[in-house]
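Peer 1: next input, structure requested:
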Amino acid sequence: MIYPEPNWLFPVVAAVQILGLASAWLARASQNSRRHHGVCQMVFLFAMAAVAATAIASSRFPSAVWLLSSITLPVMIVWTTCDFRRHERPVTAGNWRT
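Peer 2: Numbers count the residues shown, from 1 in each chain. Predicted coordinates:
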């Protein structure tokens, strides 16, 4: 038996995913700002909760729309925890030059 889904389901889920990824970008971009970093971290944490709640809530529908949230959540976590900048080698006693 085929169960119809509401028309608003996919746009709402997609909007939550976009807001989640945007908050991850803002949390990462505001890393050097003392003024905005705390606010961006709080927005990111609330967005993570919203993405997780969306994954749980949308798992009740017959389509696989919950997969969007289950993919977005780890992407958000990796994006904010990994440091993708190139670093110089630290100066130690054996590799410094005068």
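
Peer 1: burial measure for residue 46, as a count.
Peer 2: For residue 46, the neighbour count with other CB atoms under 10 Å is 13. The way it works is simple: take the backbone N, C-alpha and C, and place the C-beta from them, glycine included.

Peer 1: ignore what I typed, I meant residue 7.
Peer 2: Using other CB under 10 Å, residue 7 has 7 neighbouring residues.

Peer 1: same thing with the one 10 residues further on?
Peer 2: The criterion is other CB under 10 Å. On that basis, residue 17 has 22 neighbouring residues.

Peer 1: per-residue pLDDT of it, please?
Peer 2: Looking at residue 17, its pLDDT reads 95.

Peer 1: leaving out sequence neighbours, find the closest residue to it.
Peer 2: residue 72 (4.6 Å; CB to CB, 6 or more residues apart in numbering).

Peer 1: ok, now which ones touch that neighbour?
Peer 2: In this structure, residue 72 makes contact with 17, 20, 21, 51, judged by CB atoms under 8 Å, 6 or more residues apart in numbering.

Peer 1: in these, find the pair that's most separated.
Peer 2: 21 and 51 (9.1 Å; CB to CB).

Peer 1: of these two, who's got more company?
Peer 2: residue 51 (26 against 16).

Peer 1: name the element the more buried one belongs to?
Peer 2: Using DSSP states H and E, residue 51 sits within helix 34-58.

Peer 1: I figured residue 20 hits residue 74, correct?
Peer 2: No. Using CB atoms under 8 Å, residue 20 is not in contact with residue 74, being 11.2 Å away.

Peer 1: looking at the two, which one has more neighbours?
Peer 2: In this view residue 20 and residue 74 are compared by other CB under 10 Å, and residue 20 has more residues nearby, 25 against 9.

Peer 1: which elements pack onto whatever helix or strand the more buried one lives in?
Peer 2: Element membership for residue 20 (DSSP H and E) is helix 9-29. Secondary-structure packing of helix 9-29 (3 or more CB pairs under 8 Å, 6 or more residues apart in numbering; DSSP states H and E): helix 34-58, helix 66-81.
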